[in-house]
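Participant: need the 3D shape of this:
(one chain, ligands or ions: 2)
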Amino acid sequence: MGDLHFDCTMCGQCCHGLRLPLSLAEARLWLDKGGTVQLMCEAHPWPEEPADGDALGHYRRARTFAAQSGGLPVRIMVTLVAAFAGPCPFLLPDMRCGNYAERPRVCRIYPAEMNPFAVLKPAGKACPPEAWNDANPLLARNGEAVAPETVAIVAAARATSIEDGRAKERLCADLGIAVAALGNEGYVAHSPNPAALRAALAGLENARPFRSVAWTVASNRSATIAMLEAAGAQSLLAADGDAGASDYIGFFPAG
Ligand code: SF4
Ligand code: SF4
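Facilitator: Ligands and ions are numbered 1, 2, ... in the order given. Down below sits the predicted model:
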């Protein structure tokens, strides 16, 4: 795979039609500036803890919280995202970022990957060919970022995603969010009222007790629903774009 040299051409293509992953602190900032934040929820059945060598299992465990769906133990992954169709609300007409000093970490490291299991491939990025010129600074080696500033930001973001994991259980409880898509099949995107979300995020600073909620696992496929019911889960057959008051975003056709 070799070395990837990169320099941003400021084409602005990466600032359109996105769900940008945010930390809890970044979500507060985004809301304060008038942006829209959603909670993308997925449920992973968790019959037992991952084995020592299961790197993906341990990575996922550190970023989720334990919950129950009927009789099925699950772990819930909640990803807060800045959501927008079309250009980012902060993108200026000349394609500069109007939120440069406070842009989320994911913007600072693009086109590098936050996920350690994802390999950086120019073909999967919005950047034009001229951005990947060998005369540009070295960004990545064998698909993994090596540019020091990028490596530092990615490390900080990964640490924050672990710190945020447990607080997200309370955030969902406070917002009454309790429906998640079956992991690896899709997401349920919840769009809470911005004022309610801002208040719930602010409330995370007070260490008061809260009651764990029972989760419902959604899918757009009847075979998955049958499997979930056989496993004792509380399930919901969702049409794409509809999981109760939220949007179901499936990776596979409904069936
Ligand atoms: S915050 Fe700035 S860098 Fe990030 S998507 Fe918006 S315009 Fe682009
Ligand atoms: S798509 Fe790539 S080259 Fe274009 S603005 Fe974004 S990071 Fe820069």
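
Participant: excluding chain neighbours, what is closest to E42?
Facilitator: Excluding the flanking residues, the one nearest E42 by C-beta to C-beta, 6 or more residues apart in numbering is G183, at 4.3 Å. Where you see a C-beta, it was placed from the backbone N, CA and C, and this is true even at glycine.

Participant: enumerate every residue touching that neighbour.
Facilitator: The neighbourhood of G183, defined by C-beta atoms under 8 Å, 6 or more residues apart in numbering, consists of E42, A43, H44, P45, M77.

Participant: quick check on these: which are buried?
Facilitator: For those, a burial check counting by 16 or more other C-beta atoms under 10 Å picks out E42, A43, H44, P45, M77.

Participant: sec struct for the second one, please.
Facilitator: At A43, secondary structure determined by DSSP: H, G, I helix; E, B strand; the rest coil is strand.

Participant: my guess is it contacts V78. True?
Facilitator: No: between A43 and V78 there is no contact under C-beta atoms under 8 Å: 10.2 Å.

Participant: and the protein, which residues reach ligand 1?
Facilitator: C15, C88, F90, L91, C97, N99, R103, C107 (C-beta under 6 Å from any ligand atom).

Participant: please list all residues in contact with the residue in the stretch 101-250 of the chain positioned nearest to ligand 1.
Facilitator: The stretch 101-250 of the chain approaches ligand 1 most closely through C107 (3.3 Å), counting by C-beta to the nearest ligand atom. Residues in contact with C107 (C-beta under 8 Å, 6+ apart) are C14, C15, L20, C97.

Participant: contact partners for the third one?
Facilitator: Meaning L20. Contacts of L20 (C-beta under 8 Å, 6+ apart): V81, A82, A83, P104, V106, C107.

Participant: ok so, going back, I'd like the buried ones among the contacts of G183 laid out as TSV, including distance to D164 and pLDDT.
Facilitator: TSV is the format used below for these (distance: C-beta to C-beta, whole Å; pLDDT from 0 to 100):
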residue	distance to D164	pLDDT
E42	15	98
A43	18	98
H44	17	98
P45	22	97
M77	11	97
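
Participant: returning to what we had before: most neighbours among the residues of the chain next to ligand 1, which one?
Facilitator: C15 (23 neighbours; other C-beta atoms under 10 Å).

Participant: and Y110, what does it touch?
Facilitator: Taking C-beta under 8 Å, 6+ apart as the contact definition, Y110 lies against C14, K125.

Participant: most remote residue from the middle of this structure, which is it?
Facilitator: Largest separation from the mean C-alpha position in the chain: A135, at 33.2 Å (C-alpha atoms, centre = their mean).

Participant: M10 against L92, yeah?
Facilitator: No: with contact defined as C-beta under 8 Å, M10 does not count as touching L92 (10.5 Å).

Participant: quick one on the thing from earlier: of the residues of the chain next to ligand 1, which is the nearest to G34?
Facilitator: Checking the residues of the chain next to ligand 1 against G34 with C-beta to C-beta, the nearest one is F90 at 9.6 Å.

Participant: for the closest one, which non-adjacent residue is spatially closest?
Facilitator: Once flanking residues are discounted, F90 sits nearest to N99: 3.8 Å by C-beta to C-beta, 6+ apart.

Participant: separation between the one you found and E26?
Facilitator: For N99, the distance to E26 equals 11 Å [C-beta to C-beta, to the nearest Å].
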